[in-house]
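In: Return atomic coordinates for the entry below.
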Amino acid sequence: MTWLRGIKGLVLSLVAGYFFDRQDLEKARKWMDRSTASDPAVDAYAVATDAILHVLEGRSSAAAQRFTDCLELIDRLRFPNHKYLKIFCEFWLKVLGGHTLPNDLEALATEAAGLPTDKWLKRRFRFPPKASIQKNVVEACSDSVLVAYDF
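Out: You can find the predicted model right below:
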């Protein structure tokens, strides 16, 4: 029956992603909480969505843990677009860890932008614009990181 819980968790994470893409963060969090209660490590996309939700909610330590969880999933299971998602997670881990060199962060964002990947993935897991990296991300590096993530 554990495979059934996995399917349930996947479906719930898809619903959470639907609301996240429509910028309804309250509903996205509600459905993501249901998904993680069913299966905390459904897939890397769901874990990364949960992580960025934590960023937007200003919960840096929880976000950092979920980005770390996502990287572990990526390392265990190869799937399409894993390079882009890996760079995205590394970027946010650096931001949340207090990395204050905007050129390094911009280099990661530029590298990810050059990767061939699905359009939906780049829409959901966007890097902040260059000006935002310079101004907000470097200054944030705390529970106010949500300023740097523009929809």
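In: show me what contacts the residue nearest the centre of the chain?
Out: Note on the chain: the residue nearest the mean C-alpha position is residue 48, at 3.4 Å, using C-alpha atoms, centre = their mean. Taking C-beta atoms under 8 Å, 6 or more residues apart in numbering, we find residue 48 in contact with 66-67, 70, 85, 88-89, 125. Quick note: C-beta positions are derived from backbone N, CA and C, even for glycine.
In: Quick check: it vs residue 122, distance?
Out: 13 Å (C-beta to C-beta, to the nearest Å).
In: thinking again about what came up before, let's have the contacts of residue 48 in TSV, adding distance to residue 102.
Out: Below are the contacts of residue 48 laid out as TSV (distance: C-beta to C-beta, whole Å):
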residue	distance to residue 102
66	24
67	19
70	23
85	22
88	17
89	19
125	19
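In: circling back to that earlier point, and the next element down the chain from the helix or strand the residue nearest to the centre of the chain falls within?
Out: Using DSSP states H and E, residue 48 maps to helix 44-56. Using DSSP H and E, the helix or strand that follows helix 44-56 in sequence is helix 60-76.
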